[in-house]
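A.B. asks: Next comes the sequence, and after it the predicted model I'd like to discuss.
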Amino acid sequence: MQRPEPNVVSIIYSGDTNASKSEIIDKVKARFDITLNPSSLHFVFLNSRWLVEDKTWPRFTILGQSLGSMYLAWEAMCKLIPDLFI
């Protein structure tokens, strides 16, 4: 999306609250071999990612993760409502 539309600002929701923008971009480059333009890329950090991790729910894991994902989505939309959500 960054190559054909350089004026589009991309927002990434991330639960890695202790990682910096450059660390995440470097990890993407190392893992997927994708080069991202940091000037048109912004991050929204989510604090409640722990609600979708399996260790949070030792019993009823799928139910807990389902409820946690709804809360996580709500947190994301409260922080920033995008024009297009992919």
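C.D. replies: Right, received. Where do you want to start?
A.B. asks: Helices of this structure, start to end?
C.D. replies: Under the criterion DSSP state H, helices of the chain are mapped to 21-32, 61-79.
A.B. asks: for those helices, which one sits closest to Phe45?
C.D. replies: Phe45 sits nearest to helix 61-79 of all these, at 8.4 Å, using C-beta to C-beta. Bear in mind the C-beta positions are built from the backbone N, C-alpha and C, glycine included.
A.B. asks: Now find how far off-centre that closest one is within its chain.
C.D. replies: Relative to its chain's centre, helix 61-79 lies at 13 Å (C-alpha atoms, centre = their mean, to the nearest Å).
A.B. asks: between the helices of the chain, which gets nearest to Glu5?
C.D. replies: With C-beta to C-beta as the criterion, Glu5 lies closest to helix 21-32 of those, at 18.4 Å.
A.B. asks: Contacts made by the closest one with the rest, please.
C.D. replies: Outside helix 21-32, the residues that touch it by C-beta atoms under 8 Å, 6 or more residues apart in numbering are 12, 14, 16, 19, 34-36, 38, 41, 43.
A.B. asks: same thing but 6 Å
C.D. replies: 34, 36, 38, 43 (C-beta atoms under 6 Å, 6 or more residues apart in numbering).
A.B. asks: just how off-centre is it within its chain?
C.D. replies: Helix 21-32 sits 13 Å away from the centroid of its parent chain (C-alpha atoms, centre = their mean).
A.B. asks: still on that earlier bit, now, of the contacts of helix 21-32, which are buried?
C.D. replies: Buried members of the contacts of helix 21-32, scored by 16 or more other C-beta atoms under 10 Å, are 36, 43.
A.B. asks: Run through this protein and note the low-pLDDT ranges.
C.D. replies: Scanning the chain for pLDDT under 70 picks out the ranges 1-2.
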